[in-house]
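Engineer: would you be able to build a 3D model of this:
(chains A and B)
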2 protein chains.
Amino acid sequence: MAQESIELVEVGPRDGLQNEPDIIGTSDKLALIERMIDYGARRLEIASFVHPKRVPQMADAEDVIAGLPDRKDVTYIGLTLNKRGVMRGLATREGGKRGIDQAGCVLVASDTFGQKNQGQTIAEGIAENRDMIRFAKAEGLRVQVTISAAFGCPFEGEVKPETILAIAEEMAAESPEEIALADTIGVGVPAQVEDLFGRLSELLDGRIPMRCHFHDTRGTGIANAWSAYKAGVRSFDASLGGLGGCPFAPKATGNIATEDLIYMMERSGVATGINLDAAIAANRGFAHTLGRELPSRVARAA
Amino acid sequence: MAQESIELVEVGPRDGLQNEPDIIGTSDKLALIERMIDYGARRLEIASFVHPKRVPQMADAEDVIAGLPDRKDVTYIGLTLNKRGVMRGLATREGGKRGIDQAGCVLVASDTFGQKNQGQTIAEGIAENRDMIRFAKAEGLRVQVTISAAFGCPFEGEVKPETILAIAEEMAAESPEEIALADTIGVGVPAQVEDLFGRLSELLDGRIPMRCHFHDTRGTGIANAWSAYKAGVRSFDASLGGLGGCPFAPKATGNIATEDLIYMMERSGVATGINLDAAIAANRGFAHTLGRELPSRVARAA
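Structural biologist: Next up, the predicted model:
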């Protein structure tokens, strides 16, 4: 029997950095991305096409993309929160340039949070994302979609599983490459992950792969990742060192740390393609750039 | 169907404090224990009978025990690393005094670590602990046993499951009230927990309850606790705020935090009997006593 394996989606350059109060220079971002590719990351979320007034840290998205290593074995994701974002993503590919490889669409599973974060209700998010997926595909751009706040909302509290499944069904109708559930504010627990990904798995029935995105705000991020693995998820968002957070969600802390995810998976016999020692070295290097220690527990224990 | 429930074993007063470089006064320890009982802890590891030169923080074990609230609904555990420890535990009950309710025996699943920590090989630990359990029971003292370094050794690396099961079988022959597996240095991962507790469950076949003890050194502690729950464990060691560590294990950090365990369990529909808000308030109070923030992520996010 072949060894089980998972795919890391390194979201440090986008979700990891967007919350940083000081602007990181484009060359520092590109150096970080190169280190990530060096330690084995083959799919990376490298920028977000949002208005620079909303997220100043992402103002250089096009410059970062223009400087990316042209590696055929690496997939670069640009986050697109609306059709204007997809158009900016497509523009990076004009004139024979490589640009982004995949658009990452996002809609929020809460009316209140969705209006604060993206200025749209759930229904508006569904309509916009269906249109975005159709448009990206028609333009020859690969596209996947993430349902955020899927495990709870900072403003409304509980989010009903039925709401998530209804949104997922609408998205599935457009056949994106992948559907992800994100615990944007880090409130989820393993029993919830088993339930929600179990139901999503039934709904998608193997037609569309699943991805998960956890934050470690309440210490459950790594437990949730394992439960998602057991429920059949094979793609995992994580950020080097546990960088990250969401500027519009109160008290949201970092993503699960790449090092912690990789340690757990590799020691459980699941291949990740990541060189853990190299990731820890990259953590040390970027901690020096930022001037502070990053939260990854594995890196701290090393 | 009755709701599922677990038992918290609050180990903050012992495992949580023994690593603190500054000696905490007996009255501060007793105040902490009272707060723990207030937030719902009904079983607490309150001291260790070790030589004060080895662990100076535990030098006032007898004084702490003499000052414990005389609550009939609370079980106080004294840690006993050898027969001399059991005798000190029995001495706390002399002259009609309540003293400790239960001896917690410990043996190490590694020859090297066992010699450094307790001056005994695995074989010597088995013989000593069989004798200790027999002796405690003959003297009318309740007794349980923990197999430490069960998920890995800081000096020898991997610990074979067969080694753990052979030790557990020897311990089971003395019918202790409970057999625990401890990840003393926080290297364990969920797949290992499922395997080891699954095998232990088969071996014990319901005759003797299981307990687990995890450290969060590499971010897997809460994931391990959930896997242990799924494998049938219903008693969980944790320490308020994630205090703790082992002075003889390099880079061992704190126990899993009571607040993080309770958050995960309660939100998963598992009753714990703990008032989480009161635990977070107790964390704040004791952080003030120590003069530093404690690692619990749930308390930090609150």
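Engineer: and stretch A:217-227, does that touch chain B?
Structural biologist: Yes: among the residues of stretch A:217-227, A:217-223, A:225-227 lie within reach of chain B under C-beta under 8 Å from any C-beta of the partner chain. Every C-beta, even on glycine, is put in place using the N, C-alpha and C of the backbone.
Engineer: just checking, what packs against the lowest-mean-pLDDT helix or strand in chain A?
Structural biologist: Every helix and strand of chain A was ranked by mean pLDDT, DSSP states H and E. The lowest is helix A:111-118, at a mean of 88. Under the contact criterion of 3 or more C-beta pairs under 8 Å, 6 or more residues apart in numbering or on different chains; DSSP states H and E, helix A:111-118 touches strand A:102-108, helix A:122-138.
Engineer: ok, back up a step: turn the residues of stretch A:217-227 next to chain B into JSON lines, including distance to B:A257.
Structural biologist: Shown next, in JSON lines, are the residues of stretch A:217-227 next to chain B (distance: C-beta to C-beta, whole Å):
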{"residue": "A:T217", "distance to B:A257": "13"}
{"residue": "A:R218", "distance to B:A257": "10"}
{"residue": "A:G219", "distance to B:A257": "7"}
{"residue": "A:T220", "distance to B:A257": "12"}
{"residue": "A:G221", "distance to B:A257": "14"}
{"residue": "A:I222", "distance to B:A257": "14"}
{"residue": "A:A223", "distance to B:A257": "13"}
{"residue": "A:A225", "distance to B:A257": "19"}
{"residue": "A:W226", "distance to B:A257": "18"}
{"residue": "A:S227", "distance to B:A257": "19"}
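Engineer: measure the closest residue to A:G114 other than its chain neighbours to B:A191 for me?
Structural biologist: Using C-beta to C-beta, 6 or more residues apart in numbering or on different chains and skipping residues adjacent in sequence, the residue nearest A:G114 is A:V108, 3.6 Å away. To B:A191, A:V108 is 33 Å away according to C-beta to C-beta, to the nearest Å.
Engineer: again, but for A:R134
Structural biologist: For A:R134 relative to B:A191 (C-beta to C-beta), the value is 41 Å.
Engineer: more neighbours, the two?
Structural biologist: More neighbours surround B:A191 than the other of A:R134 and B:A191, with 19 against 14 (other C-beta atoms under 10 Å in any protein chain shown).
Engineer: contacting residues for that one?
Structural biologist: By C-beta atoms under 8 Å, 6 or more residues apart in numbering or on different chains, the residues touching B:A191 are A:267-270, B:227.
Engineer: just the buried ones from those, in ChimeraX syntax?
Structural biologist: Under the burial definition 16 or more other C-beta atoms under 10 Å in any protein chain shown, those of those that qualify are selected in ChimeraX by:
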select /A:267,268,270 /B:227
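Engineer: ok, so of the contacts of B:A191, who is nearest B:F113?
Structural biologist: A:R267 (18.9 Å; C-beta to C-beta).
Engineer: list the contacts for the residue nearest to that closest one when sequence neighbours are not counted?
Structural biologist: The shortest distance from A:R267 to any non-neighbouring residue, by C-beta to C-beta, 6+ apart, is to B:V189 (4.4 Å). Contacts for B:V189 (C-beta under 8 Å, 6+ apart) come out as A:263-264, A:267-268, B:220, B:223-224.
Engineer: show me those residues that map onto helices.
Structural biologist: Members of the contacts of B:V189 lying in helices (criterion: DSSP state H): A:263-264, A:267, B:223-224.
Engineer: what does chain A put close to chain B?
Structural biologist: Proximity of chain A to chain B, by C-beta under 8 Å from any C-beta, involves residues A:186-187, A:189-192, A:216-223, A:225-227, A:251, A:253, A:257, A:260, A:263-264, A:267-270, A:296-298, A:300-301.
Engineer: quick one: mean pLDDT for the helix or strand containing A:R300?
Structural biologist: If you go by DSSP states H and E, A:R300 is part of helix A:297-301. Mean pLDDT, helix A:297-301: 92.
Engineer: so which elements touch that helix?
Structural biologist: Secondary-structure packing of helix A:297-301 (3+ C-beta pairs under 8 Å, 6+ apart): helix A:258-267, helix A:276-290.
Engineer: returning to that earlier point: what bridges to the residue nearest to A:G114?
Structural biologist: With DSSP bridges applied, A:V108 shows beta-bridge pairing to A:S148.
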